[in-house]
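Trainee: can you look at this prediction? I've put the sequence above it.
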Amino acid sequence: MELLQAVQEIYDDISNNNFGADIYVQGTAQTDLPEGFKSFDVLMEKASDADIDPKVRTGITHYDTLNYIFTSGTTGNSENKR
């Protein structure tokens, strides 16, 4: 929950810049999250294992960013990993 608090501190900056990004938190139920955050666990429970339509993947390469993961870092400072 310490990382969640850190992300909450910058939430306005993230959400007001029109990134179009959702903020997911792993390891907690949706009901335990502050407004504006989503549960990664709930998302994965609903995920399908069906193949993705190739039309959806057109133009996507292994160089495209799928997500950013924020970690506490080894020094205790938050770091984002691409």
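Mentor: Received it, and whenever you're ready, just let me know what you need.
Trainee: what's the spacing between Pro34 and Val25?
Mentor: 9 Å (C-beta to C-beta, to the nearest Å). (Glycine included, C-beta is placed from N, CA and C.)
Trainee: so between the two, which is more surrounded?
Mentor: Val25 (19 against 12; other C-beta atoms under 10 Å).
Trainee: and the longest helix seen in the chain, what does it pack against?
Mentor: Secondary structure assigned by DSSP state H gives helix 2-15 as the longest helix of the chain. Under the contact definition 3 or more C-beta pairs under 8 Å, 6 or more residues apart in numbering; DSSP states H and E, helix 2-15 sits against strand 23-25, strand 69-71.
Trainee: same thing but at 10 Å, please
Mentor: strand 23-25, strand 37-39, strand 69-71 (3 or more C-beta pairs under 10 Å, 6 or more residues apart in numbering; DSSP states H and E).
Trainee: list the contacts of the first one.
Mentor: To tie it back to what came earlier, the one meant is strand 23-25. 1, 3-4, 7-8, 11, 14-15, 32-34, 36-44, 67-68, 70 (C-beta atoms under 10 Å, 6 or more residues apart in numbering).
Trainee: rerun at 8 Å
Mentor: If you take C-beta atoms under 8 Å, 6 or more residues apart in numbering as the criterion, strand 23-25 is touched by Leu4, Val7, Tyr11, Ile14, Ser15, Leu33, Gly36, Phe37, Lys38, Ser39, Phe40, Leu43.
Trainee: what is the closest residue to the first one other than its chain neighbours paired to in the beta sheet?
Mentor: Think Leu4. Residue nearest to Leu4 in three dimensions, not counting chain neighbours: Val25, with 5.7 Å by C-beta to C-beta, 6 or more residues apart in numbering. Beta bridges link Val25 to Ser39, judged by DSSP bridges.
Trainee: return a ChimeraX selection command for the buried portion of the contacts of strand 23-25.
Mentor: Restricted to buried positions by 16 or more other C-beta atoms under 10 Å, the ChimeraX selection for the contacts of strand 23-25 reads:
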select :4,33,37,39,40
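Trainee: of the contacts of strand 23-25, closest to Lys55?
Mentor: Leu43 (22.4 Å; C-beta to C-beta).
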